[in-house]
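Enquirer: Quick one, what's the 3D model for this:
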Amino acid sequence: AAYAAGDTFGSKGFFDVPKSGIIQTGIFYDLDDEGLAMDLVLFDGDFTNTGADNAAADFSDADLQRSIGVLSWATTDFKNFASNQIGTIKALGFSYVAPAGRLYYQWVAQGAVNIAAANLPKFMLLILPDA
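Expert: This is a model prediction of the structure:
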């Protein structure tokens, strides 16, 4: 599907993390060779889904105030290879607290993204736990 800037990219998700820590590095595995700007909006708990995939991101005021922030990949963060790209953002020092040991997220496209179903991207965060 074709996405416009500001569209939700996929469904909301979550991953288990230490209850507090520092996100040091973010890696975006672009298996479709797009290399376009993407935002990862993070929350310390579950939030109301912003709508369907490929719809304008529209967080409620209450949910937005529970966001712990946004990690952003710019087009200049990507290293382009023949058929894919990797976007790395380093030395973030992005501290968080997740009382339940889980971070929730929503991807938001920041450009015209058109991903083939066979080449869905993946991501990884390198986290330094506080304890």
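Enquirer: What strands flank the top strand by length along the chain, and is each parallel or antiparallel?
Expert: Under DSSP state E, the strand in the chain containing the largest number of residues is strand 20-30. Using DSSP bridges, strand 20-30 pairs in its sheet with strand 85-89 (antiparallel), strand 94-97 (antiparallel), strand 122-129 (antiparallel).
Enquirer: worst-scoring helix or strand of the protein, pLDDT-wise?
Expert: strand 113-114 (a mean of 82; mean pLDDT, DSSP states H and E).
Enquirer: Which elements pack onto it?
Expert: Secondary-structure packing of strand 113-114 (3 or more Cβ pairs under 8 Å, 6 or more residues apart in numbering; DSSP states H and E): strand 2-3. Every C-beta, even on glycine, is put in place using the N, C-alpha and C of the backbone.
Enquirer: right, and the helix or strand after the strand it packs on?
Expert: Where DSSP states H and E defines the elements, the next helix or strand beyond strand 2-3 is strand 8-16.
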